[in-house]
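Asks: got a predicted model here, sequence first, then my questions.
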Amino acid sequence: MRTSRTIIAITAVVITLFGCGSGKDQQAPANALSLGLPGLPAPSSPANWTLGGVPCELIPVPAAAPFGTGTCPGVRPGAIVLTDVGQCTLNFLFQGSDGSRYIGTAGHCILGTSPIGGDVGEMAWAPGTGPVARDAGGNPIGEFAYAILQDPKDFSLIRLDPLVEASADMCHFGGPTTVNDDRPDITQPVVLNWYGNGIVVGTLLPARSALAAGMPDPDHVFADGAAAPGDSGSGIISSDGRAVGVLVTLGVQIGTSFDSGVIGITRLTPQVERAQQVLGVDLALQTAPTL
C-alpha cells in the first residue's frame with residue numbers, strides 16, 4: 001500500500017543564514033592523502049564560493065545539533081550527521097566493491113571552507129585514519145574516506161562501520177530508485193524533493209520541495225526553495241524518485257545555460273565517478289521504492 005503524503009512546494013523562500021562553514025576549525029590530519037589544497041580551517045564569517053562558476057555561498061554548517069531538529073531516525077538519506085566541523089544531513093547509500101558500505105554528505109561538512117573563499121581541495125583517508133562521523137545521538141557510525149570541495153564538486157563519503165545498520169530509504173519520500181542524469185532545458189520545469197535538517201525549517205518542514213527551471217547542466221542544478229544551516233549534504237531526488245545530486249549552496253545564481261535559482265545542487269554522477277577514481281572502488285547506489 002502506498003503511504004499518503006503531502007508535499008508542500010516552497011518557491012523563492014530563503015532562510016536568513018549566519019555564514020558559511022561555521023563550527024570547529026578543521027585541518028587535514030597528517031595521515032590524510034591530500035589530492036589538492038589541504039583542508040583549511042573553517043572561518044567564522046561567510047566565504048564566497050562558486051558552483052559552475054556562479055558566485056554563491058555554501059550552506060552553513062551549525063556548530064552543534066539544534067534542539068528538536070530532524071525526525072529521521074537511523075543512518076539513511078535525510079538523517080543528521082555530526083562531524084568535526086558541525087552538523088549536516090546524510091544523502092545516498094552506496095555499496096563498495098571493496099565490501100564496505102559508504103554514505104554521502106557534502107564535502108564542506110568535513111573540509112570546512114577556505115578563509116579567503118574558493119576551492120579547498122580534495123582528500124582521501126585510508127581505513128582507520130579518517131575523521132569520525134557520528135549520528136544525531138553522538139554515536140560513531142564510521143569514518144570519512146573521501147571528500148572534495150572544488151567547483152563544481154562538493155561531496156564526501158563516510159565508510160560505515162560494519163556493525164552499523166543503514167537504510168537506502170530517504171525519509172518521507174522514499175527512493176532513490178536510480179540516478180537521474182536527465183538534462184531538460186529551461187522550458188521544462190522539474191520538481192525536486194529532499195529531507196533536510198536545517199535550523200528552524202528542518203523542524204517545521206524537514207521534507208521539502210523546490211522547483212528547477214530545467215536541469216541543462218551536467219554538473220549542477222539551480223532551484224527555488226527553502227534551505228538553512230544543517231541542510232548541507234541533503235540528497236536531492238526528482239519527483240519520480242531518481243537521485244539528482246547534493247544540496248550545497250545558497251544565493252541568487254544564474255548559470256551559463258540561463259538556468260537560475262537560490263538553491264545550488266551539485267549533481268551526483270560526476271562526483272561519484274571522481275570518488276571511484278580516487279578510492280579505486282566501484283560504488284553502486286543502493287535503491288529503495290518511493291513512498
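Replies: On my side now, so go ahead.

Asks: quick one: end-to-end distance for stretch 203-223.
Replies: The stretch stretch 203-223 measures 21 Å between its terminal residues, going by CA to CA, to the nearest Å.

Asks: check stretch 152-168 too.
Replies: For stretch 152-168, the separation between the terminal residues is 25 Å (CA to CA).

Asks: so what's the gap between that stretch and the chain middle?
Replies: On the basis of CA atoms, centre = their mean, to the nearest Å, stretch 152-168 sits 11 Å off its chain's mean C-alpha point.

Asks: pLDDT of that stretch, averaged?
Replies: Computed over stretch 152-168, the mean pLDDT rounds to 97.

Asks: stretch 75-88 now?
Replies: 96.

Asks: now do stretch 50-64
Replies: 88.

Asks: mind listing the strands for the stretch 151-291 of the chain?
Replies: 153-160, 190-195, 207-212, 220-223, 235-238, 243-254, 260-267, 283-285 (DSSP state E, counting those that start in this stretch).

Asks: mind putting these into TSV with distance to residue 101 and mean neighbour count?
Replies: Where C-beta positions appear, they are placed from N, C-alpha and C, glycine not excepted. Listed next are these as TSV, based on distance: least, CB to CB, whole Å; neighbours: other CB atoms under 10 Å:
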stretch	distance to residue 101	mean neighbour count
strand 153-160	5	28
strand 190-195	20	24
strand 207-212	24	23
strand 220-223	26	29
strand 235-238	15	28
strand 243-254	16	25
strand 260-267	22	25
strand 283-285	10	18
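
Asks: and those strands, which one is worst for confidence?
Replies: Minimum mean pLDDT among the strands of the stretch 151-291 of the chain: strand 243-254, a mean of 90.

Asks: helices or strands next to it in the packing?
Replies: Secondary-structure packing of strand 243-254 (3 or more CB pairs under 8 Å, 6 or more residues apart in numbering; DSSP states H and E): strand 48-51, strand 54-58, strand 153-160, strand 220-223, strand 235-238, strand 260-267, helix 268-279.

Asks: center of the protein, which residue is that?
Replies: residue 233 (1.7 Å; CA atoms, centre = their mean).

Asks: what residues are up against the nearest residue to that residue once chain neighbours are set aside?
Replies: Closest residue in space to residue 233, ignoring its immediate chain neighbours: residue 105 at 3.3 Å, by CB to CB, 6 or more residues apart in numbering. Residue 105 makes contact with 81, 83, 88-91, 133, 156, 158, 232-233, 246, according to CB atoms under 8 Å, 6 or more residues apart in numbering.

Asks: columns distance to residue 223 on top of those residues, output as a markdown table?
Replies: Shown next, in a markdown table, are these (distance: CB to CB, whole Å):
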| residue | distance to residue 223 |
| --- | --- |
| 81 | 23 |
| 83 | 25 |
| 88 | 19 |
| 89 | 16 |
| 90 | 20 |
| 91 | 16 |
| 133 | 27 |
| 156 | 22 |
| 158 | 25 |
| 232 | 15 |
| 233 | 16 |
| 246 | 13 |
